[in-house]
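Novice: got a predicted structure plus its sequence, pasted below:
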Amino acid sequence: MSVPPFATGLQLLFSHEQIANRVATMGAEISRDFRDEPVLLLGVLKGAAIFLSDLARSLTVEASFDFLAVSSYGKGTKSSGEVRLTKDIDESLQSKNVILVEDILDTGLTLNYLKKLISAHQPRSLRIAALLDKPSRRVQPVQADYLGFTIEDFFVVGYGMDYAERYRNLPDICILSPEMR
């Protein structure tokens, strides 16, 4: 696949094929763990939307969706350290098997905030599916139950992830160099 003109200069980290294979494996793990039980995939907007869609299609168990949105980055490249809920869930989570779907597990601030928020809704179970993990950036302990890839401290875009709302539509995950920010 050729690189679109707006993406020139990005460095490929994971190809669409590598992502698809890993997401399929994660879907098989979730399907095995929940067997015949339905799950609610709770996606963190906007970055996890594409990942959630592909993950849902890889499941062999019944799945429904809901979304919430938080902000900790604004338009920058570093977390502000303060997490704000900008879109709440639409349905009850009580007694449901909830899988929180996130694009990147980074500092741990956002996921710990969301874990507390979701736990207050008394789900039957709560698990985390993260496409990427950057353990070197962790300031609060948190771990994904289902993980795509562990990466170094790169600023990545594509496959739903952005820089100032750009690059979300790339099928691959690429490294955005400091010169491009």
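Specialist: Thanks, I have it.
Novice: which residues in this structure form strands?
Specialist: If DSSP state E is used as the criterion, the strands of the chain fall at 11-14, 39-45, 63-71, 84-87, 97-105, 125-133, 146-150, 156-157, 173-175.
Novice: among the ones you listed, which gets the worst mean confidence?
Specialist: Of all the strands of the chain, the minimum mean pLDDT falls on strand 84-87 (a mean of 82).
Novice: now the least confident helix or strand in the chain by mean pLDDT - C-alpha only, PDB.
Specialist: Taking mean pLDDT, DSSP states H and E as the measure, the helix or strand of the chain with the lowest value is strand 84-87, at a mean of 82. Provided in PDB are the C-alpha atoms of strand 84-87 (Å, rounded to 0.1, in the frame of the first residue of the first chain):
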ATOM      1  CA  ARG A  84     -11.900  14.800  32.500                       C
ATOM      2  CA  LEU A  85     -14.900  12.700  31.500                       C
ATOM      3  CA  THR A  86     -16.300  14.400  28.300                       C
ATOM      4  CA  LYS A  87     -18.900  11.700  27.300                       C
END
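Novice: sheet partners, orientation included, of it?
Specialist: If you go by DSSP bridges, strand 84-87 pairs up with strand 63-71 (antiparallel).
Novice: list the buried ones in stretch 26-34?
Specialist: Going by neighbour count (16 or more other Cβ atoms under 10 Å), the buried part of stretch 26-34 is Met26, Gly27, Ile30, Ser31, Asp33, Phe34. To be clear about C-beta, it is placed using only N, CA and C from the backbone, and glycine gets the same treatment.
Novice: and the strands of the chain as a markdown table, adding mean neighbour count?
Specialist: As requested, the strands of the chain are exported to a markdown table (neighbours: other Cβ atoms under 10 Å):
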| stretch | mean neighbour count |
| --- | --- |
| strand 11-14 | 16 |
| strand 39-45 | 23 |
| strand 63-71 | 16 |
| strand 84-87 | 12 |
| strand 97-105 | 24 |
| strand 125-133 | 22 |
| strand 146-150 | 18 |
| strand 156-157 | 24 |
| strand 173-175 | 22 |
